[in-house]
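[1] This is a predicted model, with the sequence first.
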Amino acid sequence: MLAVVATIMPELVAAAAAKAIAEWGRPARDITHLVFSTSTSVQVPAIDLRVASLLGLSPTVQHTVMCSHGCTGSSSALRIAKDIPENNRGTRIFVACADILSVLGG
């Protein structure tokens, strides 16, 4: 299951993110912060790094990653995204929340 998450999740997130960035109308490199949340376990390398690479984000983009947060992860990601610009003028934040869950057993 972890191999599926490591390969498929970044591609799904990047595809959705590319559409959102296109609607925003600015280049992905203008994003200064990436907040990523998932209830899926921690991956090494982290999924957000692959997403950032697929989107062509700047290497200096700041990352905040929350793993294994279950149902509260998305709302926590939005709270963090709200807090960042309050303390950092000129920030442009992209929030991505993704989960791939499987049912194991018979």
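    Alright, I've got the coordinates.
[2] Would you mind listing the buried residues in the helix or strand encompassing residue 6?
    Element membership for residue 6 (DSSP states H and E) is helix 2-24. Residues 5-6, 9-10, 13-14, 17, 21 are the ones in helix 2-24 that count as buried (16 or more other Cβ atoms under 10 Å). The way it works is simple: take the backbone N, C-alpha and C, and place the C-beta from them, glycine included.
[3] Quick check: neighbours of the next helix or strand after it in the sheet, parallel or antiparallel?
    Note on helix 2-24: by DSSP H and E, the next helix or strand toward the C-terminus is strand 33-38. Strand pairing for strand 33-38, determined by DSSP bridges: strand 62-67 (parallel), strand 93-97 (parallel).
[4] Now do the helix holding residue 6: which elements does it pack against?
    helix 47-55, strand 93-97 (3 or more Cβ pairs under 8 Å, 6 or more residues apart in numbering; DSSP states H and E).
[5] Next, the angle from that helix to helix 47-55.
    If you take axes from the mean of the first three to the mean of the last three Cα atoms, to 10 degrees, helix 2-24 sits at 50 degrees to helix 47-55.
[6] Pick the most deeply packed of the strands paired with strand 33-38.
    strand 93-97 (a mean of 21; mean count of other Cβ atoms under 10 Å).
[7] State whether residue 81 is indeed within a helix.
    Yes. With DSSP: H, G, I helix; E, B strand; the rest coil as the criterion, residue 81 is assigned to a helix.
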